[in-house]
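S.K.: sequence first, then the predicted structure, then my questions.
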Number of protein chains: 2
Amino acid sequence: MSWDLPDSISIREVGPRDGLQPEAPVSVGARVRLVRSLVAAGVVDVEAAAFVSPKAVPAMAGADEVFAGLAGDSGARRWALVPNVKGAELARAAGADALTVTVSASETYSQANVNQSTDESVEAVGAIVEAAGDLEIDTVISCAFGSPYDEAIGPFDVAHIVERVQEAGSTHITLADTTGIATPERVADVITAVGPRVRLHLHDTRGTALTNAFAALLLGVAAFDTAVGGLGGSPFAAGAGGNLATEDLVHLCDGLGIDTGIDLEAMVAIAQDVGGLVGRPVSSRLANVLGS
Amino acid sequence: MSWDLPDSISIREVGPRDGLQPEAPVSVGARVRLVRSLVAAGVVDVEAAAFVSPKAVPAMAGADEVFAGLAGDSGARRWALVPNVKGAELARAAGADALTVTVSASETYSQANVNQSTDESVEAVGAIVEAAGDLEIDTVISCAFGSPYDEAIGPFDVAHIVERVQEAGSTHITLADTTGIATPERVADVITAVGPRVRLHLHDTRGTALTNAFAALLLGVAAFDTAVGGLGGSPFAAGAGGNLATEDLVHLCDGLGIDTGIDLEAMVAIAQDVGGLVGRPVSSRLANVLGS
């Protein structure tokens, strides 16, 4: 064994939320079945839906129905993305187990995406924590590895935001490479500043997501967001490609002897089904090779 | 800087040979122009053609004309792939600067690909070295990271082939992941057995080529074969995807402060042109993002 790597990692599957969000809406039934198949493949954390305006994000309409459909299920923690206190209240009432909230390290992206400043978003985290009661809160810091808008965002700028949202009560931190511009060097710089006890949310816009994940594993990071088939991309950011594919990370970890708890063959089969759901083959090369 | 990495690497561009080989034939003029544009972008080693049967590989017909077209040029070492002594003589007469020959670590692949055993291929290297005069010889060991045919090929089996072809007079060694099944762990095992003074030739069948290249860089490997746009794949091996894209490796190295001598922007522009040449967008995500 040449590498000093974690024995096991946590994968949060974000396909049903970040993955389907930019797609044409699919039925609540299909979304519930997708979550169930992911859990059957070994997923224990899944972002099932977002409590956002159905006008702004039509594919996320009916988040409460998705959670209602999953009400009797067990075996996984079901996360909901919420943009504000109202979303947190709806998610809690609908039966979400845990919440993700977003703060952007990029002012420009923050204004474009949610029409508020980074400071305002940090304050909102505090209010959401209050409204969430005993639900765990993960703050996802977007553009943590650089901005697409030519702003200087240094590693310690990100570390400063991390401190502030932790002070506001966020129990978990995820660093997102929203537009897929991270490099292994950049990942190292940010993880050195923030520490390895964070989750990474990587996008594969430039075909670098898996390489960045490997770099992060070498730095001791042991938690990742991924989406089956490499689904996803932000509808608000030009050129934002799909998420790191779950099967790609599981395949890498299987080869490195890192336990993910997820069955690769089952995940590849789901990726094939998801291709049918979104009406095109998924972007993951692995899924297309192993599934053929 | 978190990583112990080479200051610079050697990239041999194999797009005009391994890249175009499985495609519908393009004109000699287009092949000459492709080589010239690659050299203009900073490439100093380029595999320009293969002296193989035009019946078996129609896209490589006219290898002598390609070299004739490049006769007056300078600035790069032009490699030719040769399968046997006759090919070596033709390549030498045509003005090739250096030769690549292939030996497969997989018996089954060797029989399927060139209808001879691995032992016979190793012997052929000696004969080609004799015929090549003062030309440098690089032996490319295919299936060095595992066979698609369920054979056990251990790291020291590969090391043993390396020793034998070095004894036969091969001045360079390249280890090829012909069917894209390498993993970082497997790369580490083989490089530990063989040593880092080899070139890697990685395929991206499963979306893992760049990650494997990063793993190799961390192990001290400082030479790679790549193809502009991620062109390529073996016409003899089912499921063999394209090569590691030159622009993907240059982008990674640029981010890591590793000198490649190659201009990323120029390489992305060539990748776009190559898309026109082969009649479809190239597979490199980076080229499609940066070129759009």
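M.R.: All right, it came through fine.
S.K.: so which residue of the stretch 1-150 of chain A comes closest to chain B?
M.R.: Residue of the stretch 1-150 of chain A nearest chain B, by C-beta to the nearest C-beta: A:Ser2 (3.7 Å). For every residue, glycine as well, the C-beta is placed using N, CA and C.
S.K.: so who does that residue touch?
M.R.: By C-beta atoms under 8 Å, 6 or more residues apart in numbering or on different chains, the residues touching A:Ser2 are B:185, B:188-189, B:192, B:219.
S.K.: let's see 7 Å
M.R.: By C-beta atoms under 7 Å, 6 or more residues apart in numbering or on different chains, A:Ser2 lies in contact with B:188, B:192.
S.K.: A strand includes it, no?
M.R.: No. Read with DSSP: H, G, I helix; E, B strand; the rest coil, A:Ser2 is coil and lies in no strand.
S.K.: can you give me the pLDDT of A:Val125?
M.R.: With respect to pLDDT, A:Val125 scores 97.
S.K.: check the offset of the helix or strand hosting it from the chain's centre.
M.R.: A:Val125 is part of helix A:118-131 when elements are defined by DSSP states H and E. For helix A:118-131, the separation from the chain centroid amounts to 19 Å (computed by C-alpha atoms, centre = their mean, to the nearest Å).
S.K.: who touches the residue nearest in space to the middle of chain A in this structure?
M.R.: With distances taken as C-alpha atoms, centre = their mean, A:Asp225 lies nearest the centre of chain A, 4.2 Å away. Neighbouring residues of A:Asp225 by C-beta under 7 Å, 6+ apart: A:12, A:14, A:174, A:199, A:201, A:243.
S.K.: go again using 6 Å as the cut-off
M.R.: Applying C-beta atoms under 6 Å, 6 or more residues apart in numbering or on different chains to A:Asp225 gives the contacts A:12, A:14, A:201.
S.K.: same check, this time on A:Asn115
M.R.: By C-beta under 6 Å, 6+ apart, the contact list for A:Asn115 is empty.
S.K.: again, but for A:Ser37
M.R.: The contact partners of A:Ser37, by C-beta under 6 Å, 6+ apart, come to A:Ile270.
S.K.: quick check, pLDDT for it.
M.R.: A:Ser37 is assigned 98 on the pLDDT scale.
S.K.: just checking, next helix/strand downstream of the helix or strand hosting it?
M.R.: Per DSSP H and E: A:Ser37 is located in helix A:28-40. Going down the chain from helix A:28-40, the next helix or strand is strand A:45-50, by DSSP H and E.
S.K.: elements contacting that following strand?
M.R.: Using 3 or more C-beta pairs under 6 Å, 6 or more residues apart in numbering or on different chains; DSSP states H and E, the elements in contact with strand A:45-50 are helix A:28-40, helix A:63-69, strand A:77-81.
S.K.: off-centre distance for stretch A:179-190?
M.R.: Relative to its chain's centre, stretch A:179-190 lies at 17 Å (C-alpha atoms, centre = their mean).
S.K.: now do the same end-to-end measure for that stretch.
M.R.: With C-alpha to C-alpha, to the nearest Å applied, stretch A:179-190 spans 16 Å between its terminal residues.
S.K.: right, is it up against chain B?
M.R.: Yes. Counting by C-beta under 6 Å from any C-beta of the partner chain, contacts between stretch A:179-190 and chain B involve A:183, A:185, A:188.
S.K.: is the second one in contact with B:Asp254, as I believe?
M.R.: No. Taking C-beta atoms under 6 Å as the definition, A:Glu185 is not a contact partner of B:Asp254, at 9.6 Å.
S.K.: between these two, which has more neighbouring residues?
M.R.: The residue with more neighbours, out of A:Glu185 and B:Asp254, is A:Glu185; 20 against 16, by other C-beta atoms under 10 Å in any protein chain shown.
S.K.: measure how buried the residue of the stretch 101-250 of chain A found nearest chain B is and give me the count.
M.R.: At 3.2 Å from chain B, A:Thr183 is the closest residue in the stretch 101-250 of chain A, using C-beta to the nearest C-beta. Look at A:Thr183: counted by other C-beta under 10 Å, it has 22 neighbours.
S.K.: I'd guessed it sits against B:Gly255; true?
M.R.: Yes. The criterion here is C-beta under 6 Å, and A:Thr183 meets it with B:Gly255 at 3.2 Å.
S.K.: helix, strand or coil for A:Thr226?
M.R.: strand.
S.K.: and the spatially closest residue to it that is not a sequence neighbour, what does it touch?
M.R.: With sequence-adjacent residues excluded and distances taken as C-beta to C-beta, 6 or more residues apart in numbering or on different chains, A:Thr226 is closest to A:Thr246, at 4.0 Å. For A:Thr246, the contacting residues are A:13, A:226, A:228, A:267, by C-beta under 6 Å, 6+ apart.
S.K.: A:Ala76 too?
M.R.: A:39, A:44, A:46.
S.K.: try it again at 8 Å.
M.R.: Here A:Ala76 is in contact with A:35, A:38-39, A:43-46 (C-beta under 8 Å, 6+ apart).
S.K.: before we move on, back to that, and the contacts of A:Asp225, which of them are in strands?
M.R.: Counting by DSSP state E, the part of the contacts of A:Asp225 found in strands is A:12, A:201.
S.K.: ok, and the most crowded of the contacts of A:Asp225?
M.R.: A:Val14 (30 neighbours).
S.K.: distance check, the nearest residue to it once chain neighbours are set aside against A:Ala159.
M.R.: Spatially, and ignoring its direct neighbours in sequence, A:Val14 is nearest to A:Glu47 (4.3 Å; C-beta to C-beta, 6+ apart). Counting by C-beta to C-beta, to the nearest Å, the gap from A:Glu47 to A:Ala159 is 25 Å.
S.K.: who's more crowded, the two?
M.R.: A:Glu47 (28 against 16).
S.K.: can you pull the contacts of the more buried one?
M.R.: A:12-14, A:16-18, A:79-81, A:100, A:225.
S.K.: what do you get for A:Val46?
M.R.: Applying C-beta under 8 Å, 6+ apart, we find A:Val46 in contact with A:12-14, A:16, A:35, A:38-39, A:76-79.
S.K.: those, buried ones only, as a PyMOL selection?
M.R.: Per 16 or more other C-beta atoms under 10 Å in any protein chain shown, the buried members of the contacts of A:Val46 correspond to this PyMOL selection:
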select buried, chain A and resi 12+13+14+16+35+38+39+76+78+79
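S.K.: and of the contacts of A:Val46, the nearest to A:Pro155?
M.R.: Nearest to A:Pro155 among the contacts of A:Val46, counting by C-beta to C-beta, is A:Arg12 at 23.3 Å.
S.K.: what's the closest non-adjacent residue to the closest one?
M.R.: Nearest residue to A:Arg12 in three dimensions, chain neighbours excluded: A:Asp45, at 4.0 Å (C-beta to C-beta, 6+ apart).
S.K.: show me the strands in chain A, by range?
M.R.: Under the criterion DSSP E, chain A carries strands at the ranges A:10-13, A:45-50, A:77-81, A:98-104, A:136-142, A:172-177, A:199-202, A:223-226.
S.K.: mind putting the ones you listed in JSON lines, mean pLDDT included?
M.R.: Shown next, in JSON lines, are the strands of chain A (pLDDT from 0 to 100):
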{"stretch": "strand A:10-13", "mean pLDDT": "98"}
{"stretch": "strand A:45-50", "mean pLDDT": "98"}
{"stretch": "strand A:77-81", "mean pLDDT": "98"}
{"stretch": "strand A:98-104", "mean pLDDT": "97"}
{"stretch": "strand A:136-142", "mean pLDDT": "97"}
{"stretch": "strand A:172-177", "mean pLDDT": "98"}
{"stretch": "strand A:199-202", "mean pLDDT": "98"}
{"stretch": "strand A:223-226", "mean pLDDT": "98"}
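S.K.: okay if I get these as JSON lines plus distance to A:Val250?
M.R.: Formatted as JSON lines, the strands of chain A follow (distance: least, C-beta to C-beta, whole Å):
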{"stretch": "strand A:10-13", "distance to A:Val250": "7"}
{"stretch": "strand A:45-50", "distance to A:Val250": "14"}
{"stretch": "strand A:77-81", "distance to A:Val250": "18"}
{"stretch": "strand A:98-104", "distance to A:Val250": "21"}
{"stretch": "strand A:136-142", "distance to A:Val250": "21"}
{"stretch": "strand A:172-177", "distance to A:Val250": "19"}
{"stretch": "strand A:199-202", "distance to A:Val250": "14"}
{"stretch": "strand A:223-226", "distance to A:Val250": "8"}
